[in-house]
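In: 3D, please:
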Amino acid sequence: MLASVMMGALSKRAIDYVQDEWEERKIWVSFSDYEKMVEEYEDAYGHLYGNPGGCAWIFCMLPLAIAFGLLSSFYQTLASPLFDPLIDSLLIILILYSVVGVTGFVIGFRIPAIDAEEFFKPPIKGDVYDFASQLEKVPGIRAGLNVELGVRSGVQTIMDAEVKTYVDGLPDTVSVQVQVSHSGFDYPYLVGTVYKGARVPVSKERYNIGTRYPAMIETSMDVEVSVFVARFDIPQRTSSVPSISGRDFRILAALLAESLRGNYDASR
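Out: Purely as a prediction, here's the structure:
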């Protein structure tokens with residue numbers, strides 16, 4: 001099994017990537033379109049990037065190998081062979097080594113990545129992506145991804161992708177960024193900025209907008225940038241682990257978009 005894992009890893013590392021120039025272009029896509037692109041990308045290149053979590057499968061294979069070994073030992077205690085002692089032994093060895101060897105090779109092949117990781121890397125995922133995708137359903141918010149594609153000799157790859165959120169109808173100088181902190185639970189919040197917007201004081205306002213927790217918008221100035229931080233005011237002590245639903249997060253985003261739009265209009 002260990003030999004098969006090593007052979008699989010060496011086979012993966014033996015893939016030769018020929019350096020050359022890629023024709024790069026950027027496109028704006030929705031989250032649903034990006035999901036389709038990721039499916040096609042993983043079908044084409046999913047076997048090329050590394051999966052370090054595959055190391056755990058090595059330990060999962062040990063019980064299987066032991067089980068096959070015990071099965072073969074048990075078979076030797078039978079009074080009469082199924083076919084012939086030699087044929088039966090060959091069959092057991094063939095099955096045991098085939099299952100363990102093939103599985104070990106596949107695991108070893110999945111663990112490392114090829115040398116060209118900058119071109120064949122896993123697409124972006126995670127909690128920031130999940131919460132940002134919720135904003136696609138918010139009226140007045142334009143949420144999606146800036147995707148950088150690479151094209152070369154008829155081959156296309158996703159070279160980079162970045163989640164971007166803007167206020168619909170306003171220039172890109174007004175933007176929204178999704179942040180997620182982890183303090184015992186996923187705590188998403190939004191940071192809205194208006195470049196050269198109307199000046200705002202350092203303040204904190206609370207809003208009851210029909211969500212589980214009251215909303216808070218904190219304002220401040222960062223040189224020429226008006227900053228709006230929208231979050232939920234969650235009590236420090238609660239009887240259960242706090243959770244923020246997608247519905248509440250979308251309502252919070254709509255409130256922030258309204259504040260950003262008002263600041264932008266006031267600066268004109």
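In: pLDDT score for the most centrally placed residue in the chain?
Out: Taking C-alpha atoms, centre = their mean, the centroid of the chain lies closest to residue 125, which sits 1.4 Å from it. Note on residue 125: pLDDT of 83.
In: surely it is in a strand?
Out: No - counting by DSSP: H, G, I helix; E, B strand; the rest coil, residue 125 is located in no strand; its state is coil.
In: how close does it sit to residue 11?
Out: Applying C-beta to C-beta, to the nearest Å, the value for residue 125 to residue 11 is 27 Å. For glycine as for every other residue, the C-beta is placed from the backbone atoms N, C-alpha and C.
In: over to residue 86?
Out: For residue 86, the distance to residue 11 - C-beta to C-beta - is 33 Å.
In: what of residue 135?
Out: 43 Å.
In: who's more crowded, these two?
Out: Neighbour count, other C-beta atoms under 10 Å: between residue 135 and residue 11, residue 135 has more, with 25 against 13.
In: OK, contacts around the more buried one?
Out: Contact analysis of residue 135 by C-beta atoms under 8 Å, 6 or more residues apart in numbering lists 141, 143, 165, 176, 178, 249-250, 253.
In: ok, and the most crowded of these?
Out: Ranked by neighbour count (other C-beta under 10 Å), those have residue 253 at the top, with 28 neighbours.
In: mind checking pLDDT for it?
Out: Looking at residue 253, its pLDDT reads 95.
In: how about the one 10 residues further on?
Out: Among the per-residue scores, residue 263 holds a pLDDT of 93.
In: just checking, it is part of a strand?
Out: No - using three-state DSSP, the assignment for residue 263 is helix, not a strand.
In: from residue 255, how far out is it?
Out: On the measure of C-beta to C-beta, residue 263 and residue 255 end up 13 Å apart.
In: now do the contacts for the residue nearest to residue 166 when sequence neighbours are not counted.
Out: Computed as C-beta to C-beta, 6 or more residues apart in numbering, the closest residue to residue 166 that is not its neighbour in sequence is residue 142, at 4.7 Å. Neighbour list for residue 142: 165-168 [criterion: C-beta under 8 Å, 6+ apart].
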